[in-house]
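A.B. asks: Okay, predicted coordinates and the sequence, questions at the end:
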Amino acid sequence: MKHRVWLWMTQLRQKLWVRPLVYTLLAIAGVAAASAADSLTFADKVPRIDRETLEDLLAIIASSMMSVATLAVASMVAAYSSASSTATPRAFKLIVTDDVSKTALSGFIGAFIFSIVALTAIKTGFYGRIGLFVVFLLTILIFAIVIMLFLRWVDQIARLGRVGPTIERVEQAAAEALTARRKAPGMGGVPRSGRQPSGRQVHSDELGYVQSIDLEKIQRVAEEAGVTVFVEALPGTFIAPGRPLARIDGGTDEENEARREIARAFIIGDDRTFEEDPRFGLVTLAEIALRALSPAVNDPGTAIAVLGAFIRLLARWAEPCEPPEVRFDRVIVPELSTGDMFDDAFTAIARDGAGMVEVAIRLQKAFLALAASGDRALSAAAVEHSRLALDRSEQALKLPEDRARVRELAARVPLRAP
């Protein structure tokens with residue numbers, strides 16, 4: 001339950017309406033606090049604020065914030081549409097969580113609500129002398145905050161939804177997920193490290209992608225039942241009929257309740273997520289490159305930029321780290337496959353970019369850099385994918401000089417493999 005609540009809170013923070021709602025509640029609370037200030041006893045020491053002047057000021061803010069908020073929503077929708085059409089729809093989840101845009105929109109809406117509520121309260125005679133002064137101070141403060149938010153948002157909206165910033169956002173999300181998995185290959189459980197899973201299968205009645213796994217719950221169930229649980233479906237795995245979530249090794253065949261509890265520990269949804277699924281970030285970046293390589297777009301520069309992101313991400317994956325901490329000793333978790341990550345990242349680009357010499361050359365340079373990383377699995381995968389990319393380019397490139405350049409680079413890759 002705790003893991004599900006944490007996941008629900010994480011997903012809730014990504015919703016576009018949550019922050020405007022919070023700012024709206026704060027605006028209403030500010031209006032109420034100004035009324036409470038009237039109970040203070042030093043009213044004669046507070047400067048007198050003309051009621052009509054304050055009403056005019058609040059009316060100006062109300063009308064202008066409504067227009068600005070409408071403009072902000074229209075601009076953000078246009079940016080989201082641009083990100084989906086020029087990059088990939090899978091990047092939409094990251095674009096919509098842009099903190100600068102959400103904060104700006106929330107500030108505009110909060111200022112609008114504050115001005116409307118405060119204006120209504122003033123016209124009904126809700127405030128005394130101190131209350132009017134507090135509302136005036138809050139109005140000046142909110143006006144200053146809105147100006148700063150607007151200036152910051154204008155700079156951000158000019159880049160929101162563009163291909164370059166979208167690649168950066170996806171790369172950042174993938175880097176965070178890869179770093180977390182590199183530090184904990186077993187996600188807190190025991191890395192499988194070649195051990196073959198055994199035991200009775202655990203299935204789910206739900207269909208969809210595994211978004212998260214509550215290993216703490218699986219550990220508790222395994223301890224109570226005296227069994228070991230082999231996780232079969234990592235986050236990002238599509239669960240279909242017959243696809244097991246896990247296997248239970250040990251115990252008896254009658255532990256139906258334990259199976260149900262283990263199945264409930266797998267959170268399944270309609271879409272993949274970036275947080276615990278490192279490969280999804282690689283797939284999304286590859287999709288951006290594929291759209292750029294399509295004949296309708298013909299933008300090999302974007303594909304080359306994505307290849308640079310792959311080099312940075314996989315080089316980070318090869319960095320040495322401390323031995324992982326095992327918190328769930330009864331849960332065996334498969335490690336992320338380097339070969340699978342290379343398939344996600346490079347296979348489609350090598351296929352669609354085989355006939356573009358600049359892309360083929362940059363691919364071989366990427367494999368050359370990754371083969372020299374010092375990580376055996378990474379080097380082996382780089383050598384294999386270099387060979388496959390060369391075979392595709394040999395068939396797709398028409399000019400012998402282009403094929404020779406690609407062949408020369410590919411010939412240097414195996415020399416760096418350990």
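C.D. replies: Received the coordinates, thanks.

A.B. asks: list the contacts for L336?
C.D. replies: R181, P185, L234, P278, R279 (C-beta atoms under 8 Å, 6 or more residues apart in numbering). Bear in mind the C-beta positions are built from the backbone N, C-alpha and C, glycine included.

A.B. asks: Now tabulate those residues in TSV and tack on pLDDT.
C.D. replies: Below are the contacts of L336 laid out as TSV (pLDDT from 0 to 100):
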residue	pLDDT
R181	91
P185	88
L234	93
P278	91
R279	94
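
A.B. asks: In strands only, show me these.
C.D. replies: In this view, the contacts of L336 have no member that belongs to strands under DSSP state E.

A.B. asks: who wins for most neighbours among the residues you listed?
C.D. replies: Compared across the contacts of L336, P278 has the highest neighbour count, 26 neighbours, by other C-beta atoms under 10 Å.

A.B. asks: For stretch 350-367, give the mean pLDDT please.
C.D. replies: Averaged over stretch 350-367, pLDDT sits at 94.

A.B. asks: In it, which residues are buried?
C.D. replies: 350, 352-357, 359-367 (16 or more other C-beta atoms under 10 Å).

A.B. asks: Repeat that for stretch 122-137.
C.D. replies: For stretch 122-137, the buried set under the neighbour-count rule, 16+ other C-beta under 10 Å, comprises I122, F126, Y127, G128, I130, G131, L132, F133, V134, V135, F136.

A.B. asks: Narrow the residues you listed to those in strands?
C.D. replies: Checking these against strands, none of them qualifies (DSSP E).

A.B. asks: List just the nearest of the residues you listed to L293.
C.D. replies: Closest approach to L293 among the buried residues of stretch 122-137 (C-beta to C-beta): V135, at 57.8 Å.

A.B. asks: check contacts around the closest residue to S294 other than its chain neighbours.
C.D. replies: Using C-beta to C-beta, 6 or more residues apart in numbering and skipping the chain neighbours, the partner closest in space to S294 is D352 (7.6 Å). By C-beta under 8 Å, 6+ apart, the residues touching D352 are L290, L293, S294.

A.B. asks: same check, this time on R51
C.D. replies: Taking C-beta under 8 Å, 6+ apart, one finds I122, L132 in contact with R51.

A.B. asks: do V221 as well
C.D. replies: By C-beta under 8 Å, 6+ apart, the contact list for V221 reads V229, A258, E261, I262, A265.

A.B. asks: List just the nearest of the residues you listed to F143.
C.D. replies: A265 (50.1 Å).

A.B. asks: Among the contacts of L336, which pair sits farthest apart?
C.D. replies: Taking C-beta to C-beta, no two of the contacts of L336 sit farther apart than P185 and R279, at 14.0 Å.

A.B. asks: Now do the closest residue to D344 other than its chain neighbours against S198, distance only.
C.D. replies: Excluding the flanking residues, the one nearest D344 by C-beta to C-beta, 6+ apart is L282, at 4.2 Å. Using C-beta to C-beta, to the nearest Å, L282 is found at 30 Å from S198.

A.B. asks: and these two? which has more neighbours close in?
C.D. replies: L282 (27 against 12).

A.B. asks: residues contacting the closest residue to T88 other than its chain neighbours?
C.D. replies: Excluding the flanking residues, the one nearest T88 by C-beta to C-beta, 6+ apart is E287, at 4.0 Å. For E287, the contact set (C-beta under 8 Å, 6+ apart) comprises A87, T88, R90.

A.B. asks: now do 10 Å
C.D. replies: E287 sits next to A87, T88, P89, R90, A91, V170, V306, A348 when contact means C-beta atoms under 10 Å, 6 or more residues apart in numbering.
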